[in-house]
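A.B. asks: Got a predicted model here, sequence first, then my questions.
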Amino acid sequence: MQSKNPIQLNVVNQNLKVKKAVDREFQLPKNPPTKDYRKELFALEAAGEIEIIRVPEPFVEVDTKYGRKKKIPIEHTWHHKSCGQCGHIPGYSTSIYWLNREFGLDYYDPRDQTSCTAWNYYASAASNPAAQAAIACRNFAQAKIDGYFPLIHCGTSYGHYKEVRAQLLHFPELREQVRKILDRLGLPFVFPEEIVHYSEWVHVMRHRIAEKQTRDFSKVTATVHPACHYHKLISEDAIYDRDLYDGQRTAIVTGVVEALGAKVADYSTFHDCCGFGFRHILVSRDFSRSFATIRKIERMKIEADPDVTITHDTGCVTTLDKSQFSTQAHNRKVGIPVISDAQFAALAMGAHPYLVCQLHWHGVDNVPLLELMGIDHEKAWKEFEEVADKLQQDPEAFLTWEDV
């Protein structure tokens, strides 16, 4: 049989009636293709192998990718900090705390928390499953001792802990190794009922945040970058909403932007990685920077020309924001401020752009964005400088929440 030539194939392909995403109706599978991890965790608890930390009330139930209900706690949260946030984007973490304080919620900022060491796991592969799982359970044990439920700030930690959970559930020998390590530390062998990312908390709080909104964001156009470790890694844990993208994309971040009155602009590389890639950023940083700026930022600029890009992970904000200087040097179409959903929400509620959100740590000029938000950035900067001068004159002094 003679094969069709390329021209004939193109004619055939053009006549194929393939519905676009906007014309399709998304249907959840009748039977989820994955198991409910909570049921498996509770089964282990019933067998006496592990103790499960329950999600405290009040909590909100949301739909995950395959329709399972996930519990998101409103307060009594133990904030598992991010090393990248604290080191590179401090206004990210402070915005999360500021939001909790503005709502008068009970939360705990632990002083006895270790890194999740996922950098080691994803970037160098130099560790081993027992060490990685023991570190995760060590942090969860500390949360139990402190009397709070863990809320994970970093998308990397969030994804890593989901992988640890799957390994602990499927490998009895790993559970035994971890149990021995925790016994030597004098800590209980515990695991949370749900692994919850801070952006899920922001998502369920978005309407309450909108009620306290003091700045008009209606002139702001934003693009959204969803973190790979949130919605691609063990994807059944991610939040989806039929009112956002008809349930065909994760609802996280987009729901917040819309609730605060800003316009969400779409672009063709929505699902692409930010370029961080862990090992890439260590051994081939130019590749990461090129991918972040040309594959993501430049596509946003050409297709949507947004005022800001909003994301929800340490690595994503760092890579998308701090890579643009190199591409600007080559006169590429970049120059979009990048901030987290927590910073965006805090700004909407009136947070100080420098004392709270610390936007001066970011690499792209955000003055035009602040002006669109109705923020007097010159006045705000003077206020920041006054505080900085006082701290410089008195090295023993520090900034309190009351000061901001």
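C.D. replies: In hand now; what should we look at?

A.B. asks: For the residue nearest the centre of the chain, list the residues it contacts.
C.D. replies: Computing the C-alpha centroid of the chain and ranking residues by C-alpha atoms, centre = their mean puts His312 first, at 3.1 Å. Shown in contact with His312 (C-beta atoms under 8 Å, 6 or more residues apart in numbering): 155, 197-199, 202, 226-227, 230, 252-253, 340-342. Where you see a C-beta, it was placed from the backbone N, CA and C, and this is true even at glycine.

A.B. asks: Out of those residues, list just those in helices.
C.D. replies: Gly155, Tyr198, Ser199, Val202, Tyr230, Asp341, Ala342 (DSSP state H).

A.B. asks: could you pull out the helices for the stretch 301-404 of the chain?
C.D. replies: Applying DSSP state H, counting those that start in this stretch to the stretch 301-404 of the chain gives helices spanning 314-322, 324-328, 341-348, 367-372, 377-393.

A.B. asks: who's in contact with the longest one?
C.D. replies: This means helix 377-393. His352, Pro353, Tyr354, Leu355, His360, Val367, Leu370, Glu371, Ala397, Phe398, Leu399, Asp403.

A.B. asks: Alpha carbons of it, as PDB, please.
C.D. replies: Written as PDB, here are the backbone C-alpha positions of helix 377-393 (Å, rounded to 0.1, in the frame of the first residue of the first chain):
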ATOM      1  CA  HIS A 377       6.700  53.600  46.500                       C
ATOM      2  CA  GLU A 378       8.800  56.700  47.200                       C
ATOM      3  CA  LYS A 379       7.100  57.300  50.600                       C
ATOM      4  CA  ALA A 380       7.300  53.500  51.400                       C
ATOM      5  CA  TRP A 381      11.000  53.500  50.500                       C
ATOM      6  CA  LYS A 382      11.700  56.500  52.800                       C
ATOM      7  CA  GLU A 383       9.900  54.700  55.600                       C
ATOM      8  CA  PHE A 384      12.000  51.600  55.000                       C
ATOM      9  CA  GLU A 385      15.300  53.700  55.000                       C
ATOM     10  CA  GLU A 386      14.300  55.300  58.300                       C
ATOM     11  CA  VAL A 387      13.900  51.900  59.900                       C
ATOM     12  CA  ALA A 388      17.100  50.600  58.400                       C
ATOM     13  CA  ASP A 389      19.000  53.600  59.700                       C
ATOM     14  CA  LYS A 390      17.700  53.000  63.200                       C
ATOM     15  CA  LEU A 391      18.800  49.400  63.100                       C
ATOM     16  CA  GLN A 392      22.200  50.300  61.800                       C
ATOM     17  CA  GLN A 393      22.700  52.800  64.600                       C
END
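
A.B. asks: By neighbour count, which bits of it are buried? Give me those.
C.D. replies: Neighbour-count burial for helix 377-393, counted by 16 or more other C-beta atoms under 10 Å, picks out His377, Ala380, Glu383, Phe384, Val387.

A.B. asks: May I see the residues you listed organised as CSV, with pLDDT added?
C.D. replies: Shown next, in CSV, are the buried residues of helix 377-393 (pLDDT from 0 to 100):
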residue, pLDDT
His377, 97
Ala380, 98
Glu383, 96
Phe384, 95
Val387, 92
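
A.B. asks: JSON lines please, covering those residues and showing distance to Ala131.
C.D. replies: Below are the buried residues of helix 377-393 laid out as JSON lines (distance: C-beta to C-beta, whole Å):
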{"residue": "His377", "distance to Ala131": "46"}
{"residue": "Ala380", "distance to Ala131": "45"}
{"residue": "Glu383", "distance to Ala131": "46"}
{"residue": "Phe384", "distance to Ala131": "42"}
{"residue": "Val387", "distance to Ala131": "42"}
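
A.B. asks: farthest pair in the ones in helices among the contacts of His312?
C.D. replies: Farthest-apart pair in the ones in helices among the contacts of His312 is Tyr230 and Ala342; separation 13.9 Å (C-beta to C-beta).

A.B. asks: Overlap of the contact sets of the two?
C.D. replies: Common neighbours of Tyr230 and Ala342 (C-beta under 8 Å, 6+ apart) are Ser199, His312.

A.B. asks: just to revisit the earlier point, please, a ChimeraX command that selects the buried ones among the contacts of helix 377-393?
C.D. replies: One line in ChimeraX is enough to select the buried ones among those; burial here means 16+ other C-beta under 10 Å:
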select :352,353,354,355,370
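
A.B. asks: For the contacts of helix 377-393, name the two members farthest from one another.
C.D. replies: Glu371 and Ala397 (31.8 Å).
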